[in-house]
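>>> with the input below, show me the fold.
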Amino acid sequence: MSVWKVGSHYKRCSSSTGFSDSPAKPMRIGILSLLQESNTFISCPTELSHFEEDLLLEGEAVQQVLGEAHHEVGGFFTGLAEAGVESVPLFAARAVPFGTIRASAFEQLLERMFHQIEAAGLLDGYLVAPHGATVSEDYPDADGHWLQRLRQLVGPDIPIVGTLDLHANLSGTMIEATDALVAYRTNPHVDQRQRGIEAARLLVQALRGEVQLAQAFSHPPMVMNIERQCTSESPCLELYALAEMIRARSGVLSASILQGFPYADVVEMGTSMLVVTDGNPELAQTCASELAGHLWSHREEFTSSGLGIEQAVVQASKLAGRTCLLDMGDNVGGGSPADGTALAHQLHLMCVPRSFVCLHDPAAVEQAKFAEGTRINLCMGGKTDQFHGEPLAVDVEVIGLYKGCFEELEARHGGFTAFDQGLTAVVRTRHDLTIMLTSKRMVPWSLGQFSCCNLNPEDFDVLVAKGVNAPLAAYQPICPNLLRVNTPGVTTADLSLLDYRRRRQPMFPFEPETEWSPHNPVERIRECPDGSPNPILQ
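Next up, the predicted model:
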């Protein structure tokens with residue numbers, strides 16, 4: 001699949017600080033962000049309250065909260081300041097990955113966003129930060145929807161440049177609504193601020209007439225398994241090295257790999273390649289197709305080979321040095337409920353000493369509140385649905401209760417700096433399994449989660465982190481051994497277990513015999529499973 005967009009020819013500035021016929025008029029750039037990764041296999045929807053609990057900012061509050069953050073929006077402010085351009089913070093919303101956004105919540109978010117846009121008046125351009133894998137009940141391509149609405153409002157001649165999460169399911173609508181998009185280059189995502197700076201520089205260059213933005217993407221019919229998405233490991237390592245070579249070519253401004261988010265059941269689901277050039281859409285398409293061709297020729301290497309639960313725990317108990325078991329089926333950063341018990345059961349069954357697991361369980365926390373310093377029988381985890389294991393019912397000692405708030409100063413996945421997992425109870429079984437019980441779902445992206453509860457992660461030999469690649473930035477420095485475990489759940493690495501209704505057919509690896517060529521990309525991509533036309537091809 002190939003779609004391209006060539007930006008308008010912007011006027012060259014008569015001064016270094018203005019896009020205007022008058023040198024005295026400074027450029028003013030609006031900043032917008034709406035980020036949520038939507039797992040459509042979760043029965044619970046994402047509500048407006050989920051954004052209110054994380055980030056829901058308007059006006060100057062956007063810069064106050066995100067201006068210095070390890071986040072693309074922080075990069076927007078930095079990049080514009082370096083260029084001597086005025087930032088106009090408008091709107092920023094973010095929720096921890098969870099289910100499809102409820103229709104009413106999405107409409108409220110857009111109402112607030114576009115109220116800020118209209119109140120700001122005429123601006124010279126926009127820096128935008130959609131996620132790329134956001135789904136609402138009414139709009140499967142929610143990011144494409146609001147970007148298209150922004151384009152219709154401001155017209156064809158106002159440049160819109162932005163960032164995308166590396167896990168975006170890229171659509172033709174996103175491309176057509178923008179002049180240039182750049183994706184994070186690292187998984188775990190520790191380069192968000194740099195990508196925000198990159199986007200800001202591209203926008204300023206375009207406004208000053210130094211470049212004419214042209215972008216194109218290639219969308220082969222395949223999905224890269226999340227187990228194989230770490231950018232510092234093979235096979236991604238070689239693919240990203242090729243992208244770096246392409247970025248060095250004359251006329252190429254940016255090259256991005258969108259690994260895709262397989263837990264959003266939408267037509268656009270899958271891996272894409274996106275290239276931005278200086279006024280040369282044919283070059284952009286050639287480079288995007290080259291990246292897609294490399295991916296396709298190595299597609300077998302991007303499938304899952306995760307360890308079984310018992311196999312992983314046995315291996316962890318024998319390895320020298322600390323081991324982190326990555327719980328792929330209960331990947332909180334992929335929207336899972338954070339109460340999967342598969343590994344907790346196995347660690348308890350095998351009596352693995354000095355082991356740790358975290359479970360989201362507000363009810364168990366409430367029970368533990370009244371038993372600090374004593375032993376009680378607790379039924380923990382496995383309460384959201386039938387996909388994440390049975391509750392672990394066991395006699396435990398309640399070690400302590402904690403507020404569960406902490407900060408992270410280092411660049412970590414997602415650019416988060418402040419965390420709140422709610423009232424937290426730490427309990428321990430007779431066989432030395434320590435269980436952290438949280439009142440709110442918590443992504444395992446910071447070791448501050450331990451210190452805020454008077455725990456030291458280095459006191460454990462086996463640590464369970466509910467993620468796949470996102471926890472690595474925090475856990476890899478203290479864990480010589482990292483084992484990805486094929487646990488059950490709504491983020492399982494075994495995609496054949498998920499009930500897809502909207503994905504493209506045929507598609508690799510679901511249909512192993514799928515044929516595709518970067519030189520004839522549309523061939524063999526047919527209708528959706530329900531018989532409706534593939535909207536990517538419209």
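
>>> next secondary structure element downstream of the lowest-mean-pLDDT helix or strand in the chain?
Within the chain, no helix or strand scores below strand 2-6, which has a mean of 56 by mean pLDDT, DSSP states H and E. The element immediately downstream of strand 2-6 (helix or strand, assigned by DSSP states H and E) is strand 28-35.

>>> how far does that following strand sit from the chain's center?
Relative to its chain's centre, strand 28-35 lies at 18 Å (CA atoms, centre = their mean, to the nearest Å).

>>> quick one: list the elements packing against the helix or strand just after it.
Downstream of strand 28-35, the first helix or strand assigned by DSSP H and E is helix 48-53. Judged by 3 or more CB pairs under 8 Å, 6 or more residues apart in numbering; DSSP states H and E, helix 48-53 is in contact with helix 103-120. To be clear about C-beta, it is placed using only N, CA and C from the backbone, and glycine gets the same treatment.

>>> quick one: list the elements packing against the helix it packs on.
Judged by 3+ CB pairs under 8 Å, 6+ apart, helix 103-120 is in contact with strand 28-35, helix 48-53, strand 86-94, helix 142-154.

>>> and the residue lying closest to residue 249 once chain neighbours are set aside, how many neighbours does it have?
Excluding the flanking residues, the one nearest residue 249 by CB to CB, 6 or more residues apart in numbering is residue 287, at 7.2 Å. When neighbours are defined as other CB atoms under 10 Å, residue 287 has 27 of them.

>>> pretty sure residue 287 contacts residue 255?
Yes. The pair residue 287 / residue 255 is scored as a contact, 6.3 Å apart, by CB atoms under 8 Å.

>>> hey, which of the helices and strands packed on helix 103-120 is tucked in deepest?
Across the helices and strands packed on helix 103-120, the average number of neighbours (mean count of other CB atoms under 10 Å) peaks for strand 28-35, which reaches a mean of 25.

>>> adjacent strands (with direction) for that one?
Strand pairing for strand 28-35, using DSSP bridges, gives strand 86-94 (parallel), strand 125-130 (parallel).

>>> next, format these as JSON lines and append mean pLDDT and distance to residue 245.
Output for the strands paired with strand 28-35, formatted as JSON lines (pLDDT from 0 to 100; distance: least, CB to CB, whole Å):
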{"stretch": "strand 86-94", "mean pLDDT": "98", "distance to residue 245": "33"}
{"stretch": "strand 125-130", "mean pLDDT": "98", "distance to residue 245": "27"}
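
>>> any idea how far the residue nearest to residue 249 is from residue 247?
Residue 287 sits 9 Å away from residue 247, going by CB to CB, to the nearest Å.

>>> now the common contact residues for the two.
Common neighbours of residue 287 and residue 247 (criterion: CB atoms under 8 Å, 6 or more residues apart in numbering): residue 255.

>>> how about residue 222, phi and psi?
phi -150, psi 160 (degrees, to the nearest 10).

>>> contacting residues for it?
Contacts for residue 222 (CB under 8 Å, 6+ apart) come out as 270-271, 295-296, 299, 302, 507-509, 514, 516.

>>> so residue 507 sits against residue 220, correct?
No. The criterion here is CB under 8 Å, and residue 507 misses it with residue 220 at 9.2 Å.

>>> looking at those two, which one has more neighbours?
Each of residue 507 and residue 220 has its neighbours counted (other CB under 10 Å); residue 220 has more, 25 against 18.

>>> where's that one relative to residue 32, distance?
From residue 220 over to residue 32 the distance is 30 Å, taken as CB to CB.

>>> burial of residue 357, as a residue count?
Count around residue 357 with other CB under 10 Å applied: 27.

>>> quick check: which element contains it?
In the assignment (DSSP H and E), residue 357 maps to strand 355-360.

>>> what's the first helix or strand after that strand?
Counting by DSSP H and E, the element after strand 355-360 in chain order, helix or strand, is helix 362-368.

>>> what's in contact with that next one?
Contacts for helix 362-368 (CB under 8 Å, 6+ apart): 376, 378-381, 383, 398, 401, 422-425, 427, 437-440.

>>> buried residues in stretch 242-255?
By neighbour count on 16 or more other CB atoms under 10 Å, the buried set for stretch 242-255 is 242-243, 246-247, 252-255.

>>> what's the answer for stretch 53-69, then?
Using 16+ other CB under 10 Å as the test for burial, stretch 53-69 gives 54-58, 62-63, 65-67, 69.

>>> so where is this structure shaky, pLDDT-wise?
Counting by pLDDT under 70, the chain contains low-confidence ranges at 1-24, 411-416, 520-538.

>>> domain ranges for it?
In terms of domains, the chain is parsed into 2-302, 309-485 (source: automatic domain parsing).

>>> related to what we said a few turns ago, which residues touch the residue nearest to residue 249?
Counting by CB under 8 Å, 6+ apart, residue 287 touches 246, 249, 252, 255, 273, 275, 277.

>>> buried subset of the contacts of helix 362-368, written for ChimeraX?
Buried members of the contacts of helix 362-368, defined by 16+ other CB under 10 Å, are picked up in ChimeraX with:
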select :378,380,381,383,398,401,422,423,424,425,427,437,438,439,440
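
>>> run through the bridge partners of residue 463.
residue 324, residue 356.
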